[in-house]
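1. build the 3D model from these lines:
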Amino acid sequence: MFNKQLRLVNTVKFLKPIQIYYRLYYFGRNRANKLLSKETPFLKISKSTPLKLQKSIHIVNCYTSNKNFTFLNLNKKFEDKIDWNYNGYGKLWTYNLTYFDYLSQENIEGESLINDFIENINLVNDGLEPFPISLRGINWIKYLIYNSIKNPKIDNSLYAQYYILLDSLEYHLLGNHLLENGFSLLFGAYYFRDEKLYKHAKKILVSELNEQILDDGGHFELSPMYHQIMLFRVLDCLNLINNNEWKNQELLNLFTQKAQIMLGWLKEISYRDGTIPLFNDSSNKIAPTTYQLNTYADRLELHPQVINLKSSGYRKFTDDNFELFVDVGEVGASYIPGHAHSDTFNFELSLKEKPFIVDTGLSTYETSPRRSFERSTSAHNTVEINSKNQSDVWGGFRVANRASVITLEEDSTFVEATHNGYEKDGVFHTRRWEVESNKIIIEDSLTNEVEAIARFHFHPSITENEILKRVTFEKFDYKITSYMFSPEFNTQIEAKVLEVSFTKSLKTTISIV
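-> Here you go, the predicted model:
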């Protein structure tokens, strides 16, 4: 019991006071509303304004006719009526059902689906949380604009949902959740010409964009996937502001600046084939691709700002034969680390534009042994000491004590850093990556002799023979075994992992030609 309480204290101590305040405030208010049987109004008389938008992005088809939905690689066909609370596949699947991202599909019976949701809204649970309301609001407005639909029933429901959102903004979480609230409020403000919605949107967006977008353009939660999602929203807001005269377009410069630097970061963090490293909570087929985002930016006449990866903690080394991405950053963001992994000094490597060493990936957000493993040190291409995690990841989305990088040296051919994640064990871990003409040298050194394992996870296409041909190290005990690679949600593909046991230092050489 004491250890659990200590872990909780070591988690809460990183929170901002505003997060603690709103957690307590919302908890007390919700209890009071329940005791008083306070009803939520699901209709609010509104007057929408015709808006103009350029073409946005369609991510992936997830709906076919006859009430058949596929999210996160899991399919559900509703035989009778749509159950907007369906939880057979977990909460994230339910969220996706109520996001209405599928409205961007061609020839979809969108108005019918929206009306079905409205008719059952008084029974909806998860879908009335602020995060799905935020995404749904943007998707409904875009659909209504692109299809020139003027439907008072939809408008009045949407307007009421925006005021439900306004009453439950995610200040208890902050991070991408609050930013999503702000993006959506901006759409709602423009659509309904609502001063109150605009006031809150502006307050959130100015503050959070300046805090969450780092100096090198990366999103501060340090997930390339979430960066793509946040950039998508920034581009959509620019689309909205650019094409509609209101409020003297006073947020135009802010969004233009953030879009350009975020495009620059995305260019640097993407492989030449347009894919991203699966660092932290990142997965494929969730966010728009780098190609889609760049194409959208071109339509909006935006160009990436030239940047160097720095404040986000990522580094990149490339030539014609390889692309190496290295993580020497902090757990981010400190007060909302739910998408962070215990992966300090993790890296990915592509040889001749084919993945070689990869991150284990992300298959689930459900609190489970699989989720715990995918966030653990042992699931990453780094060093595990005494069978412990560098950072205390727990509970699905929480981090207590965490590793911090305490020294960092670098130039154009190497990066070397030390972290203190094992300080309680009396050990500091230093890792150095050095790039030469035909090889990459990775040197690990520990301040004391302990039981340590360096792991290298390979793409499923890589055979054991190729591993032994390209990867060499001193005569330490090693084994090549299997792990499950998860490039997408609910997807697991068997692949090889090399585990090298050592006690003080290890030098690993990877041939790149």
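2. give the contact list for the residue nearest to Phe502 when sequence neighbours are not counted.
-> In space, and not counting its chain neighbours, Phe502 is closest to Phe476: 4.9 Å by CB to CB, 6 or more residues apart in numbering. For glycine as for every other residue, the C-beta is placed from the backbone atoms N, C-alpha and C. Phe476 makes contact with Val500, Ser501, Phe502, Leu506, according to CB atoms under 8 Å, 6 or more residues apart in numbering.
3. what secondary structure does Phe476 sit in?
-> Recorded secondary structure, Phe476: coil (DSSP: H, G, I helix; E, B strand; the rest coil).
4. show the pLDDT at it.
-> What the model reports as pLDDT for Phe476 is 85.
5. the one 3 residues further on now?
-> pLDDT recorded at Lys479 is 96.
6. tell me how far it lies from Val497.
-> Separation of Lys479 from Val497 (CB to CB, to the nearest Å): 9 Å.
7. for Asn107, give its distance to Ser65.
-> With distances taken as CB to CB, Asn107 is found 9 Å from Ser65.
8. any idea which helix or strand carries Thr472?
-> strand 471-473 (DSSP states H and E).
9. shaky segments in the chain?
-> For the chain, applying pLDDT under 70 flags the ranges 1-2.
10. biggest strand in it by residues?
-> Using DSSP state E to define each element, the chain has its longest strand at strand 493-502.
11. give the buried residues for it.
-> Residues Ala495, Lys496, Val497, Leu498, Glu499, Val500, Phe502 are the ones in strand 493-502 that count as buried (16 or more other CB atoms under 10 Å).
12. partners of that strand, with directions?
-> Paired with strand 493-502 in the same sheet, following DSSP bridges, are strand 452-457 (antiparallel), strand 478-485 (antiparallel).
13. out of those, which is the most enclosed?
-> A comparison of the strands paired with strand 493-502 by mean neighbour count, using mean count of other CB atoms under 10 Å, puts strand 452-457 on top with a mean of 22.
14. list of residues touching that strand?
-> Contacts to strand 452-457, defined as CB under 8 Å, 6+ apart, come from residues 357-360, 378-386, 444, 446, 467, 471, 483, 485, 495-503, 506, 508.
15. chain center to that strand: distance?
-> From the chain centre to the centre of strand 452-457 is a distance of 25 Å (CA atoms, centre = their mean, to the nearest Å).
16. sorry, back to before: counting by contacts, list what the strand holding Thr472 packs against.
-> Packing partners of strand 471-473 (3 or more CB pairs under 8 Å, 6 or more residues apart in numbering; DSSP states H and E): strand 505-511.
17. just want the angle from the strand it packs on to strand 493-502.
-> Angle of strand 505-511 versus strand 493-502, following axes from the mean of the first three to the mean of the last three CA atoms, to 10 degrees, is 140 degrees.
18. just checking, what packs against strand 505-511?
-> With contacts taken as 3+ CB pairs under 8 Å, 6+ apart, strand 505-511 sits against strand 439-446, strand 452-457, helix 464-470, strand 471-473.
19. just the buried positions in the third one, please.
-> What it means is helix 464-470. Result for helix 464-470 [16+ other CB under 10 Å]: buried residues Ile467, Arg470.
20. do you know how far the residue nearest to Phe502 is from Asn210?
-> Distance from Phe476 to Asn210, counting by CB to CB: 48 Å.
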